[in-house]
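Undergrad: coords please:
(one chain, ligands or ions: 1)
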Amino acid sequence: MDRREFSKHMLILGLGARAVHAAETSKVDIHGGDYYEEPAKKLPVRTFDVVVAGAGTAGVVAAIAAARQGAKTALIEVKGYPGGTATEGGTALHSFYNLWKAFPGVPKRQVVRGIPQEIIDRLLKVGGTSGHAEMSEGYNYDSVCTCIDTELYKLTTFEMLVEAGVFVCVNTLLAGAIMDGSRIRGVIAESRSGREAFYAKCFVDCTAYGDLAAFAGAEFTEPNDYPVVNSVGMANVSVEKYYEFLAKHNAVSQLARGLRSGKDDQIVRLDGRTAKLPAGFRDGARKIGMSVVTTTTHDNYFMFIKLNLKLPVSPTNRDEVAKAELELRRRMAKAVELFREYVPGCEKAFMARTSPKLCIRRGRLIACDYDITRDDVLEGHHFDDEVMVYGFHDSAPRLQIKDGGTYGIPYNALRVKGIENLLAAGMMITSNHDAHMSTRNTVCCMGQGQGAGTAAALCAAKNCGTRDLRYRDLRDALIKAGVYLVA
Ligand SMILES: Cc1cc2nc3c(=O)[nH]c(=O)nc-3n(C[C@H](O)[C@H](O)[C@H](O)COP(=O)(O)OP(=O)(O)OC[C@H]3O[C@@H](n4cnc5c(N)ncnc54)[C@H](O)[C@@H]3O)c2cc1C
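TA: A predicted model of the protein is given here:
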């Protein structure tokens, strides 16, 4: 076998691990043919009460919540750290509060508390967040800006997981589901320690793309309704001079002051109207899909400058994604060049951080028992079985939750349709684009994670399916854990 043939063979082997259905229908032919049939293999088994797939924005909170309920919990994460898109895609964590500042007379309410707030409290102790900094410009978009030091977020959440007693498996890919009818018996995990089966009573899919739900045979669609994005953390810049640059062109659209490099009342969020900026910068930004919003918790650092690219196909297409990964890296380099050339104080800027892979606001959309509607969000509907309350919409001020109020996320919106013991949390729920523009935001994903992790632990303790859990028990457990729910 020459090198090219060997590579092709290895590629098919790799695909075989994920494309289980394709491999099942084939005949062994090591020298040619379209498929290679994997021989059956005995895998070591580990047994848990709850397995959470994906240690991202929702998964971290889900696993902590499950473990704190006393469930023996495993968390499976393909990367080497927890944090997910909160540390790789976004700018500020939207939002712990209702949009009170945009509605005179509406009271300020912190509507997401519990474990998400604990993460912020821990970050405050290590200088890893701006705190809940009030917006002074653009407050009809969000009333606060809560920005994080992405690296301290990874460390802090990792420590919280270990303290809660979660068995944290990083550098581990969830590669399959073991089904017993409509019940998941276990999942297949792959790491350098080998291929293993993780059995559990209840599972939570927090993989963002719904990998576990898809492996389990749940219904899903791939709307491909957002661009893919990578974001660059730019260092050796002047936050104050960037503000002056935007102000000089009358372009400041968002501003918040909070904790930065240990000092209060510093600029921590800035956004600008690109159309008002000098032609060279404006046109260059448009060409590479660059947005000029950024947040920071450090002097001399812009945490996220985002570059967008619309893919012609779903982001689950490996080969299209590979092309986009390269193009976005070119765009990030160009973004730094633009800042160096046009923005005073950024003459010696450089790329200090990029995301390990591109991000997207929605990959697979997983069908759940209830699908939160546009009206539910915009009209501020509350439900009899809600696990959290939320008050932010990413299209504000164009689309806002009525009267600066809130809506609820019902438990049945987290139950994966057709599977007895699988819950979902994060950006994979909610089919309506305008509703999803709210439910996919970080703080909503975190709150969903606490709801799903708590429910999974209760189901495991009671040995029941997710549909047999008494809502009263879930509500009591959430309230006891500090979750805000309307009376
Ligand atoms: C470019 C961009 C900008 C955004 N800006 C903001 C913003 O400013 N504010 C805001 O609040 N929200 C923002 N969002 C939305 C928000 O960040 C995401 O919707 C949210 O973080 C998603 O959380 P999640 O838990 O669903 O997924 P993630 O946080 O992505 O977590 C999924 C985790 O699962 C892991 N995983 C996936 N598949 C597997 C597998 N098979 N095996 C093991 N592990 C796996 C991943 O590595 C990851 O760690 C933005 C999103 C994007 C893409």
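
Undergrad: per-residue pLDDT, the residue of the chain found nearest the ligand?
TA: The ligand sits closest to Gly56 of the chain, with a gap of 1.7 Å, by CB to the nearest ligand atom. For every residue, glycine as well, the C-beta is placed using N, CA and C. With respect to pLDDT, Gly56 scores 98.

Undergrad: list the residues that contact it.
TA: Contacts for Gly56 (CB atoms under 8 Å, 6 or more residues apart in numbering) come out as Glu77, Pro82, Gly83, Gly84, Thr85, Ala86, Cys206, Thr207, Ala208, Gly426, Cys445.

Undergrad: the first one: neighbour count?
TA: Glu77 is surrounded by 28 other residues when neighbours are defined as other CB atoms under 10 Å.

Undergrad: try the second one
TA: The number of residues packed around Pro82, counting by other CB under 10 Å, is 28.

Undergrad: just to revisit the earlier point, grab the nearest non-local neighbour of the residue of the chain closest to the ligand.
TA: Of all residues not flanking Gly56 in the chain, Gly84 sits nearest, at 2.0 Å (CB to CB, 6 or more residues apart in numbering).

Undergrad: could you export the contacts of Gly56 as a markdown table, including secondary structure, distance to the ligand and pLDDT?
TA: As requested, these are exported to a markdown table (DSSP: H, G, I helix; E, B strand; the rest coil; distance: CB to the nearest ligand atom, whole Å; pLDDT from 0 to 100):
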| residue | secondary structure | distance to the ligand | pLDDT |
| --- | --- | --- | --- |
| Glu77 | coil | 5 | 98 |
| Pro82 | coil | 7 | 98 |
| Gly83 | coil | 7 | 98 |
| Gly84 | helix | 2 | 97 |
| Thr85 | helix | 3 | 97 |
| Ala86 | helix | 5 | 97 |
| Cys206 | coil | 5 | 98 |
| Thr207 | coil | 4 | 98 |
| Ala208 | coil | 3 | 98 |
| Gly426 | coil | 2 | 98 |
| Cys445 | helix | 4 | 98 |
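
Undergrad: which of the residues you listed ranks first by neighbour count?
TA: Compared across the contacts of Gly56, Cys206 has the highest neighbour count, 34 neighbours, by other CB under 10 Å.

Undergrad: phi, psi for it please.
TA: phi -120, psi 30 (degrees, to the nearest 10).

Undergrad: which residues touch it?
TA: Contacts for Cys206 (CB under 8 Å, 6+ apart) come out as 52-59, 62, 424-426, 449, 452.

Undergrad: distance check, it against Glu320.
TA: Applying CB to CB, to the nearest Å, the value for Cys206 to Glu320 is 25 Å.

Undergrad: what does Ala63 show for phi and psi?
TA: Backbone torsions for Ala63, taken as degrees, to the nearest 10, come to phi -70, psi -40.

Undergrad: list, one by one, the residues from the protein near the ligand.
TA: Proximity of the chain to the ligand, by CB under 6 Å from any ligand atom, involves residues 53-59, 76-79, 84-86, 89-94, 173-174, 206-209, 211, 229, 306, 359-361, 426-427, 440-442, 445.

Undergrad: can you count the residues close to the closest residue to Leu358 other than its chain neighbours?
TA: The spatial neighbour of Leu358 that comes closest, neighbours along the chain excluded (CB to CB, 6+ apart), is Val228 at 4.6 Å. With neighbours defined by other CB under 10 Å, the count for Val228 comes to 24.

Undergrad: could you do Thr73 as well?
TA: For Thr73, using other CB under 10 Å, the count is 31.

Undergrad: just list whatever residues bridge to it.
TA: Here Thr73 sits in beta bridges with Val50, going by DSSP bridges.

Undergrad: measure the residue nearest to Arg273 when sequence neighbours are not counted to Ala275 for me?
TA: Leaving out its chain neighbours, the residue that sits closest to Arg273 by CB to CB, 6+ apart is Ala251, at 4.5 Å. Counting by CB to CB, the gap from Ala251 to Ala275 is 8 Å.

Undergrad: ok, the two, which is more surrounded?
TA: Neighbours per residue, other CB under 10 Å: of Ala251 and Ala275, the larger number sits with Ala251, 17 against 10.

Undergrad: wait, doesn't the more buried one sit right on Gly272?
TA: Yes: using CB atoms under 8 Å, Ala251 is in contact with Gly272, at 4.3 Å.

Undergrad: OK, contacts around Leu478?
TA: Contacts of Leu478 (CB under 8 Å, 6+ apart): Gly114, Val387, Met388, Gln450, Gly451, Thr454, Leu485.

Undergrad: if we go to 7 Å?
TA: Neighbouring residues of Leu478 by CB atoms under 7 Å, 6 or more residues apart in numbering: Val387, Gly451, Thr454, Leu485.

Undergrad: in a markdown table: the residues you listed, plus secondary structure, distance to Tyr342 and pLDDT.
TA: Output for these, formatted as a markdown table (DSSP: H, G, I helix; E, B strand; the rest coil; distance: CB to CB, whole Å; pLDDT from 0 to 100):
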| residue | secondary structure | distance to Tyr342 | pLDDT |
| --- | --- | --- | --- |
| Val387 | strand | 46 | 98 |
| Gly451 | helix | 45 | 98 |
| Thr454 | helix | 49 | 99 |
| Leu485 | coil | 48 | 97 |
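
Undergrad: of all these, which two lie farthest apart?
TA: Using CB to CB, the contacts of Leu478 span at most 12.1 Å, a distance reached by Thr454 and Leu485.

Undergrad: those two: which has the busier surroundings?
TA: Thr454 (32 against 16).

Undergrad: surely the more buried one is in contact with Arg68?
TA: No: counting by CB atoms under 7 Å, Arg68 is not a contact partner of Thr454; they are 8.3 Å apart.

Undergrad: could you find the closest non-adjacent residue to Val111?
TA: With CB to CB, 6+ apart as the criterion, Val111 has its nearest non-adjacent residue at 4.5 Å, and that residue is Val389.

Undergrad: surely the one you found meets Pro410?
TA: No: here Val389 does not reach Pro410: they are 11.2 Å apart, not a contact under CB under 7 Å.

Undergrad: from Val61, how far out is Leu161?
TA: From Leu161 to Val61 the distance is 10 Å (CB to CB).

Undergrad: between the two, tell me which one has more neighbours.
TA: Val61 (32 against 25).

Undergrad: and the end-to-end length of stretch 160-177?
TA: This stretch, stretch 160-177, spans 28 Å end to end (CA to CA, to the nearest Å).

Undergrad: what pLDDT, on average, does that stretch get?
TA: Mean pLDDT, stretch 160-177: 98.

Undergrad: starting at the chain centroid, how far to it?
TA: 16 Å (CA atoms, centre = their mean, to the nearest Å).

Undergrad: could you give the number of residues near Asp264?
TA: 11.

Undergrad: er, Arg183 I mean
TA: Counted with other CB under 10 Å, the neighbours of Arg183 add up to 16.

Undergrad: so the nearest residue to it once chain neighbours are set aside: helix, strand or coil?
TA: Nearest non-adjacent residue to Arg183, counting by CB to CB, 6+ apart: Glu420, 4.4 Å away. Here Glu420 is recorded as coil under DSSP: H, G, I helix; E, B strand; the rest coil.

Undergrad: swap in Ala65?
TA: Following three-state DSSP, Ala65 is assigned to helix.

Undergrad: touching, it and Gly114? I think so.
TA: No: using CB under 7 Å as the test, Ala65 is too far from Gly114 to be in contact (8.0 Å).

Undergrad: list the contacts of Phe167.
TA: Counting by CB under 7 Å, 6+ apart, Phe167 makes contact with Thr73, Ala74.
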